[in-house]
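> Sequence plus predicted model, see below.
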Amino acid sequence: MLEKINAMMAEIEALKASNADEIEALRIKYLSKKGEITGLMAEFRNVAADQKREIGQKLNALKAAATERIEALKAEYQSEDHIDTNIDLTRPAYPDEVGTRHPLSLVRQEIVDIFARMGFSIAEGPEVEDDWHVYGALNFADDHPARDMQDTFFVQRDPIVVLRSHTSSVQVRVMNQQKPPIRVVCPGRVYRNEAISARAHCFFHQVEGLYIDKDVSFADLKQVLHQFAVEMFGPNTQIRLRPSYFPFTEPSAEMDVSCTLCGGKGCSMCKGAGWLEIMGCGMVDPNVLEASGIDPKEYTGYAFGMGVERIANLKYRVKDLRLFSENDKRFLNEFAAAH
Ligand code: DAH
């Protein structure tokens, strides 16, 4: 036994290897479950009692030496002197793939830029909101259907916490923080409890606008929205305002633009109508001003809200809303040139 140990010790001290596979083979040969040193360890129980002490010590030293030698070989192999010479160091690196801006970011930025040129600043608010900012302060009746589960994702019931279903909530935050004159656009993501399809999604994006000052009129609203439509869709774009209803505006309207494809003659995109609906708007309801501490006798204002996906669809003719959130690079790369 002693001889075997001594012979193996000499062997181990002289071990050599020139690659990772060889080192691993040595580890297996000596130290694995069926390895030679493990085998000697098993024989140890047959050693005579008076030799156990000496042989035990030698065996332990042998195992330690083998472990150390193999670790040393590994370290040596991994050091710089042993870089694999098969690598072609002159080969150029893979080109970095530069990402593109997301079409919704492009359109949101375009919308915001147009209003920024007209003197609007930007405000943002949280996506997780309380009932007051999303509904209460915006003059929604307690039993308004929009508060219902069908529309709103509830995070908590008591007190109510929701994922905002529109960016009009940011109006409320701005009115609470600033004194008139107020002139802001509020871009952001909103959530609604809708089944996902080509035409609807459970989240999408909006840009809200709010202007409050003395003597703001519906004519001011119309002028600003006309300017927006012309800059967004081209100089020949016409707008029309149809009466509508929103709890937070009175009077309220929906705005259409002349069809961006046929120019108003009627085609498949506008379903023959010649017009495309793009946003809701109106004069801020006095109740809304009052709820945020602004005196409706002194100030008036207008507000508007549009869907970013909707505008992107009209601009880029994207037929399926789901494309915007699937991160398919083939789709996203189509917008590389739109920067
Ligand atoms: N908040 C409305 C929505 O989500 C959009 C909207 C309509 C915003 C009219 C407004 C407005 O500010 O005046 O459908």
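Thanks, I have the structure now. Residues are numbered from 1 along each chain as shown.

> List, one by one, the residues from this protein near the ligand.
His166, Ser168, Glu208, Phe246, Thr249, Gly280, Cys281, Gly282, Ala303, Phe304, Gly305 (Cβ under 6 Å from any ligand atom). For the C-beta atoms, the positions are set from N, CA and C on the backbone; glycine is no exception.

> quick one: which of these has the most company?
Ser168 (29 neighbours; other Cβ atoms under 10 Å).

> isn't it right up against Gly209?
No: the pair Ser168 / Gly209 is not scored as a contact, 10.2 Å apart, by Cβ atoms under 8 Å.

> overlap in contacts of these two?
Ala303, Gly305 (Cβ atoms under 8 Å, 6 or more residues apart in numbering).

> any chance of the residues of the chain next to the ligand in TSV, with pLDDT, distance to Thr67 and secondary structure too?
Below are the residues of the chain next to the ligand laid out as TSV (pLDDT from 0 to 100; distance: Cβ to Cβ, whole Å; DSSP: H, G, I helix; E, B strand; the rest coil):
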residue	pLDDT	distance to Thr67	secondary structure
His166	96	67	coil
Ser168	97	69	helix
Glu208	98	68	strand
Phe246	95	77	strand
Thr249	97	79	strand
Gly280	97	75	strand
Cys281	98	77	strand
Gly282	98	80	strand
Ala303	98	75	strand
Phe304	98	74	strand
Gly305	98	70	strand
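
> in the chain, which spans are helices?
2-13, 20-31, 36-43, 52-78, 103-117, 131-134, 168-177, 218-233, 286-291, 308-316, 329-332 (DSSP state H).

> for the fifth one, what is the average pLDDT?
Along helix 103-117, the predicted local confidence has a mean pLDDT of 97.

> elements contacting that helix?
Secondary-structure packing of helix 103-117 (3 or more Cβ pairs under 8 Å, 6 or more residues apart in numbering; DSSP states H and E): strand 182-191, strand 203-213, helix 218-233, helix 308-316.

> Pull out the buried residues from that helix.
Pro103, Leu104, Leu106, Val107, Arg108, Glu110, Ile111, Val112, Ile114, Phe115 (16 or more other Cβ atoms under 10 Å).

> pretty sure the fifth one is touching Glu208, no?
Same thing as Arg108. No: Arg108 is beyond contact range of Glu208, at 11.9 Å (criterion: Cβ under 8 Å).

> For those two, list the residues in contact with both.
Pro187.

> Looking at the stretch 51-200 of the chain, what residue ends up closest to the ligand?
His166 (3.2 Å; Cβ to the nearest ligand atom).

> Quick check: closest non-adjacent residue to that residue.
Sequence neighbours aside, Val190 is the residue nearest to His166 in space, at 5.4 Å (criterion: Cβ to Cβ, 6 or more residues apart in numbering).

> I figured that neighbour was touching Gln206, is that so?
Yes: between Val190 and Gln206 a contact is recorded at 5.4 Å, counting by Cβ under 8 Å.

> low-scoring stretches of this structure, by residue?
80-84, 149-150, 339 (pLDDT under 70).
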